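**Student:** Below: sequence and its predicted model.
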Amino acid sequence: MQGAMMDLRSDTVTRPTPAMRRAMAEAEVGDDVLGDDPTIRALERRTAELLGKEASVFVPSGTMANQIAIGLHTEPGDEVLCGARSHVYVWEGGGIARLSGATARPFEGEGGLMTLNDLREAIRPDDPHYVRTRLVCLENTHNRAGGRVHPIAEMAAISQWARAHDLRMHLDGARLMNAVVASGVSASEWAQHFDTVSLCFSKGLGAPVGSALAGSAETIRRARRLRKLLGGGMRQAGILAAAALHALENHVERLAEDHANAQRIAEAVVDTEGLSLESGPVETNLIWIQVDPSLGTAAEVAAYLRSHGVLVSVLGAQVLRACTHLDVSEEQAEHAADLIRRIEPAMVSAMTLVY
Ligand SMILES: *Cc1c(COP(=O)(O)O)cnc(C)c1O
């Protein structure tokens, strides 16, 4: 059924391209837990270089990369300062508490993006009553803040402050390459402000599986221990690393096309009565949409779009998210935009009959 559908639910839905599949089929492999997989080693070196770090480790998911980082930087009872809408806080199953035994202190920030002003007073006193404040987690691009780019100047200021107070810094860079392409700031410029950085190959970059965590050689040596503990030690996973390497070679610059397609859809949202951009202007490939009750519910609008061949995510009673990616062409984005422009309350309310 979904073959004929235009799938805007997430940028994780991409299928490997024929060229990517060839690279996977031809990959040299070995047992990566034993350190024998040459393709994994090549990807880990390439990722470390891209991020300007000494080392990186390949892991099955962005969630695992982030949770390993939290485990590396904290001891049980320590406090993590993070965004109230951040992936590590909201969408990782409570892993901060469950896996690391750490506590989290969430900050709303400006539209979801934490600022130094939020954090200045956040460090707990050195007093036996308090938890030990230990780690700051930032996210770029920030998914639930509308896919926005966290301004580099703000990140630099937070990092400088954190280091002056002996706090560690982790960046959830699931979509860091989207931020790089949108801002022109290089990956290593972002990464220099952090002790560890995660990066997803399975989002806009279009690989089927895989993420990485980068940091100092010593940090990543410790990360391998946590990866094994969490069940993330994979064997002939070079077939996956080959896809990620192919993505880094071929799918980074084209993220600009996804951003342009997102603009096409965002313009249609702005033009349509009853719809608006939930998190302000779209900067990258995510379009968060607020549905006014006069038009219907988010589920009804999604059902209407689905009945016309377009899938979006329902992420709140009145909130939708659409994502552009490798498998959405300019023509398809235009088609989705036209469909959105034609939405009217009567069409949407007819959808209540469908489900
Ligand atoms: C998708 C995502 C992740 C990781 O997700 P996985 O599905 O575990 O790979 C982490 N952070 C953000 C902001 C994300 O959007």
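**Tutor:** That came in fine, so what should we check first?
**Student:** list the buried ones in stretch 265-278?
**Tutor:** Neighbour counts using 16 or more other CB atoms under 10 Å place 265-266, 268-269, 272, 274-275, 277-278 of stretch 265-278 among the buried residues. Where C-beta positions appear, they are placed from N, C-alpha and C, glycine not excepted.
**Student:** how close does Arg321 sit to Ser279?
**Tutor:** Computed as CB to CB, to the nearest Å, the Arg321 to Ser279 distance reads 10 Å.
**Student:** before we move on, what about Leu315?
**Tutor:** On the measure of CB to CB, Leu315 and Ser279 end up 12 Å apart.
**Student:** hey, what's in contact with both of these two?
**Tutor:** Here Leu315 and Ser279 share the contacting residues Trp288, scored by CB atoms under 8 Å, 6 or more residues apart in numbering.
**Student:** about what we covered before: of the buried residues of stretch 265-278, which is the nearest to the ligand?
**Tutor:** If you rank the buried residues of stretch 265-278 by distance to the ligand using CB to the nearest ligand atom, Glu278 comes first, at 16.0 Å.
**Student:** Which positions in the stretch 201-350 of the chain make contact with the ligand?
**Tutor:** Neighbours of the ligand within the stretch 201-350 of the chain, by CB under 6 Å from any ligand atom: 202-203, 211.
**Student:** Specify the local secondary structure of the nearest residue to Ala242 once chain neighbours are set aside.
**Tutor:** Closest residue to Ala242 apart from its sequence neighbours, by CB to CB, 6 or more residues apart in numbering: Ala27 at 3.5 Å. With DSSP: H, G, I helix; E, B strand; the rest coil as the basis, Ala27 sits in coil.
**Student:** which residues touch Ala27?
**Tutor:** Ala27 touches 39, 238-239, 241-242, counting by CB under 8 Å, 6+ apart.
**Student:** Any quick PyMOL command for the buried ones out of the residues you listed?
**Tutor:** This is the PyMOL syntax for the buried subset of these, where burial follows 16+ other CB under 10 Å:
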select buried, resi 39+238+239+241+242
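**Student:** which residues of the stretch 1-150 of the chain fall in strands?
**Tutor:** 6-7, 55-59, 79-83, 103-107, 133-139 (DSSP state E, counting those that start in this stretch).
**Student:** how about the helix or strand bottoming out on mean pLDDT in the chain: buried residues?
**Tutor:** Across the helices and strands of the chain, mean confidence by mean pLDDT, DSSP states H and E is lowest for helix 345-349: a mean of 79. For helix 345-349, burial by neighbour count (16+ other CB under 10 Å) applies to 347-348.
**Student:** helices or strands next to that helix in the packing?
**Tutor:** Applying 3 or more CB pairs under 8 Å, 6 or more residues apart in numbering; DSSP states H and E, we find helix 345-349 packed against helix 298-307.
**Student:** strands paired with the next helix or strand after the helix it packs on, and their directions?
**Tutor:** Following helix 298-307 in sequence order, the next helix or strand is strand 310-311 (DSSP states H and E). With DSSP bridges as the test, strand 310-311 is paired with strand 6-7 (parallel).
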